[in-house]
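> Curious how this folds, go ahead:
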Amino acid sequence: MEKATFQKKGQLEAEISKTITQWEKEYLGRGPLQVKTDILRNLIIVHLKGILTPAEQELTKTETGLLSIKKIRADLIETGNQQLKDMIHSITGETVESFHTDISTRNGERIIIFILKENLDKKLAD
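Residues are numbered from 1 along each chain as shown. Predicted coordinates:
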C-alpha cells in the first residue's frame, strides 16, 4: 500500500476506519457495522461496533461461551497484529510502537489502540 498524503486529520481518521473495516472483512470474514477512529497525541483509537456474528451473540449468553468468544477473537487479532501495524504505518507514515485491543462480548464492541512512536496529532496540526 502506498503512503498517502492527507491534508486533514478527519480524512486520515476516515482512511484508517475504512482500511480496518476492509481488513476485518478479509481477515476475519466479517466487518464491523460501525467504526470510528480518533487520533489523540501519539494514540490512534479505533472503536468498532457490531463485530459479533449472530452465532457468537448466541454463545455469549453463557459465561463459558462469552469467555470462549473473547479468547478466540483476541487470538485472531493477535495473529494479524503485524498486518495491522503495517497498515497504520502505510497510512500515516508513523511507526507503531505497541498495539492493544479488547472486546466487549456483551456489547459486541472492540477497542483497538495503536501507540505511535511520534505525536501524529501534533504533526497534523503543524
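> would you list every one of the helices in the chain?
Using DSSP state H, the helices assigned to the chain run over residues 9-23, 54-59, 63-79, 81-92, 120-125.
> Any chance of CSV for these, columns mean neighbour count and distance to Ile111?
All C-beta spots, glycine's among them, are computed from the backbone N, C-alpha and C. Listed next are those as CSV, based on neighbours: other Cβ atoms under 10 Å; distance: least, Cβ to Cβ, whole Å:
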stretch, mean neighbour count, distance to Ile111
helix 9-23, 17, 12
helix 54-59, 13, 17
helix 63-79, 13, 11
helix 81-92, 17, 13
helix 120-125, 15, 18
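> what's the span of stretch 70-88 from first residue to last?
Stretch 70-88 has an end-to-end distance of 24 Å (Cα to Cα, to the nearest Å).
> what is the mean pLDDT for that stretch?
The pLDDT scores in stretch 70-88 average 92.
> Relative to Phe114, which of the helices of the chain is closest?
Nearest to Phe114, of all the helices of the chain, is helix 81-92, at 5.3 Å by Cβ to Cβ.
> So what angle separates the directions of that closest one and helix 9-23?
For helix 81-92 against helix 9-23, the angle by axes from the mean of the first three to the mean of the last three Cα atoms, to 10 degrees is 150 degrees.
> Show me what helix 81-92 is packed against.
Secondary-structure packing of helix 81-92 (3 or more Cβ pairs under 8 Å, 6 or more residues apart in numbering; DSSP states H and E): helix 9-23, strand 96-104, strand 109-116.
> what packs against the longest one?
Yep, that's helix 9-23 we're talking about. So helix 9-23, by 3+ Cβ pairs under 8 Å, 6+ apart, packs with strand 34-40, strand 43-49, helix 81-92, helix 120-125.
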